[in-house]
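J.: Mind folding the following:
(one chain, ligands or ions: 2)
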Amino acid sequence: MLSISLKPLSSSSFLRPLIPIPIPIPIPIASILCKSQLHVERGIEFDVGDTFFRHESAIGRDLGVLSAALHKKANGTLRLIDAMCGCGVRSIRYLAEAEVDFVIANDANQEYRGLISENLSRVVKGFEEEVKRWEVRHLDANRLMMECYLNKDFYDFIDVDSFGSDSMFLRAAIGAVKLGGLLYLTSTDGYTSGGHRPQHSLAAYGAYIRPMPFCNELGLRMLIGGALREASTLGYHVAPLFSYYSYHGPVFRTLLQVKRGKLPDNRHYSFISYCKQCGSSQAFSWGQLGKIRCPCSENVGGSCVVSGPLWTGPLHNAPYLRDMQNLASQWEWISDGVGKDLEKLLEQMVDESDPKLPPGYFKLDEIASRAKVNSPSLANIMNILHKKGYAASRSHIESNAIKTNCTMTECVSIVRELQQSLIMQQSRATL
Ligand SMILES: C[S@@+](CC[C@H](N)C(=O)[O-])C[C@H]1O[C@@H](n2cnc3c(N)ncnc32)[C@H](O)[C@@H]1O
Ligand SMILES: [Zn+2]
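T.: Ligands and ions are numbered 1, 2, ... in the order given. Coordinates of the predicted model:
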């Protein structure tokens, strides 16, 4: 059971002018005429009209719904803010599938009002037995969440499905969620997590991000780290329950639980290095700043790049993922053909939750090119790594990559030996 307590109004820093000047949301002329475009997701029908909608985000919505349902089961009730609801598909699914008690479906664009209300009414009446189930609002998300905070009207689950690297919603979202409650956050800025705009990532998430081969994992770590930084200004910390990268977009999503107190010793909020010389990456704590170097490069200057501070701990919580898997299979979302991707994704996430695995991953192509051999089979390398006692898993982010606590240098030797033994087997077979 998750324990929930209401937060006191505390930090005066929170009362700084955090609400930006409301952004005028352009109203597409077409939306006034609002063409009907019916879609079905997990058997639920809704109209997306001219709103921004991606059917590829369905798995992201599945994950949110499973989490909301688990939270409701654990706590008995659940009130939720869908802060950027578009056509309202998430609100519908949270109401119908996770059976949440009450949803605010908010989108700054007032032109979506009719569409959102119609969609919600299709699945759940606004009032049931005189209890209000949902409400449509059209506020700037920051204003909405800030008002909730100021009114001490805290929510159990807040979903902020924002565009780009808009980190300005983080603090208001953390302020408006209950302690023990969940925040489902999004970033779609792959360019910044690719290390191409370090000044931008520094301004948005407080992390100086440099180009590294596992940049999409960095994108998730940057988002979690940014939320952690905002939470700590309010005296809280966040813990990721799952983190999900999808190349459509790209989209970086993370589900965070907001907890009382700051992160002990800044554990898991630190720096990641990548050595261009040998291909290894390492996490460094704050205390090790100034001593960052790769063991291989004693004599090679400038081979190490460093990104941070960002989240360096596990991307997911394995027991939580198991609960999600169980619920998905109870709902027959797993092994139904449709849910194949979800099943595979959750299994890979469980594997990569091993706390022995460091941040980052090695792409097979990089290992092969360093070993000067053809790309080996991922299953073969994983087998050998496990036999040698290393932690190793696939990455849900990059299908052709391995997460492991073995060094790149050792992986290169393994791949060379593997190639040698294959050549010997083939020559024996031709004799
Ligand atoms: C990525 S779309 C939402 C998609 C939707 N959640 C889904 O799953 O289909 C983002 C939405 O946020 C709205 N929006 C943009 N800026 C906003 C703001 N500052 N406050 C509230 N809504 C905003 C846009 O109108 C857009 O509909
Ligand atoms: Zn090195």
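
J.: okay, and for the chain, where does confidence drop off?
T.: Residues of the chain meeting the criterion pLDDT under 70: 1-34, 298-301, 336-340, 431.

J.: at 80 what do you get?
T.: Applying pLDDT under 80 to the chain flags the ranges 1-35, 126-130, 165-166, 264-266, 295, 297-302, 335-340, 426-431.

J.: What's the local residue count around the closest residue to Arg171 other than its chain neighbours?
T.: The shortest distance from Arg171 to any non-neighbouring residue, by CB to CB, 6 or more residues apart in numbering, is to Glu230 (4.6 Å). To be clear about C-beta, it is placed using only N, CA and C from the backbone, and glycine gets the same treatment. With neighbours defined by other CB atoms under 10 Å, the count for Glu230 comes to 24.

J.: wait, is Glu230 part of a strand?
T.: No - Glu230 is assigned helix when assessed by DSSP: H, G, I helix; E, B strand; the rest coil, not a strand.

J.: from memory it sits against Val177, does it?
T.: No - using CB atoms under 8 Å, Glu230 makes no contact with Val177, being 11.7 Å away.

J.: got a list of what the residue nearest to Arg171 touches?
T.: Ser167, Leu170, Arg171, Ile174 (CB atoms under 8 Å, 6 or more residues apart in numbering).

J.: how about a cut-off of 6 Å?
T.: By CB atoms under 6 Å, 6 or more residues apart in numbering, the contact set of Glu230 is Leu170, Arg171, Ile174.

J.: Now the element after the helix or strand that contains the last one, going C-ward?
T.: Under the assignment given by DSSP states H and E, the secondary-structure element containing Ile174 is helix 170-176. Using DSSP H and E, the next helix or strand after helix 170-176 towards the C-terminus is strand 177-187.

J.: Quick check: which helices or strands does that following strand pack against?
T.: If you count contacts as 3 or more CB pairs under 6 Å, 6 or more residues apart in numbering; DSSP states H and E, strand 177-187 packs onto strand 155-160, strand 251-260.

J.: Quick one: distance of the last one to the chain centre.
T.: Per CA atoms, centre = their mean, to the nearest Å, the displacement of strand 251-260 from the mean C-alpha position of its chain is 7 Å.

J.: Report the angle between it and strand 177-187.
T.: 160 degrees (axes from the mean of the first three to the mean of the last three CA atoms, to 10 degrees).

J.: try the first one
T.: With the same axes, to 10 degrees applied, the angle from strand 155-160 to strand 177-187 works out at 10 degrees.

J.: Direction included, what does strand 155-160 pair up with?
T.: strand 79-82 (parallel), strand 177-187 (parallel) (DSSP bridges).

J.: The helix or strand following the last one packs against which elements?
T.: So that's strand 177-187. Heading C-terminal from strand 177-187, the first helix or strand you meet, by DSSP H and E, is helix 190-193. Packing partners of helix 190-193 (3+ CB pairs under 6 Å, 6+ apart): helix 215-233.

J.: about what we covered before: ranking the strands paired with strand 155-160 by mean neighbour count, which comes first?
T.: By mean neighbour count, with neighbours taken as mean count of other CB atoms under 10 Å, strand 79-82 ranks first of the strands paired with strand 155-160 at a mean of 27.

J.: Extract the C-alpha trace of that one and format it as CSV.
T.: Extracted in CSV, the C-alpha atoms of strand 79-82 (Å, rounded to 0.1, in the frame of the first residue of the first chain):
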residue,chain,number,x,y,z
ARG,A,79,-8.3,11.9,-8.7
LEU,A,80,-6.4,12.8,-11.8
ILE,A,81,-5.4,15.8,-13.9
ASP,A,82,-4.9,15.3,-17.7
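
J.: residue contacts, Gln325?
T.: Listed by CB under 6 Å, 6+ apart, the contact set of Gln325 reads Leu346.

J.: what's the helix or strand for it?
T.: helix 318-330.

J.: now swap in Gly308 and tell me
T.: Gly308 belongs to strand 304-311, assigned by DSSP H and E.

J.: now that strand and strand 251-260, what's the angle there?
T.: 50 degrees.

J.: mind exporting strand 304-311 as CSV, just the C-alpha atoms?
T.: C-alpha atoms of strand 304-311 as CSV (Å, rounded to 0.1, in the frame of the first residue of the first chain):
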residue,chain,number,x,y,z
CYS,A,304,36.3,11.7,-22.0
VAL,A,305,33.1,13.7,-22.4
VAL,A,306,30.8,14.2,-19.4
SER,A,307,27.1,14.9,-19.1
GLY,A,308,25.1,15.8,-16.0
PRO,A,309,23.9,16.2,-13.5
LEU,A,310,21.2,13.8,-14.3
TRP,A,311,19.5,10.6,-13.0
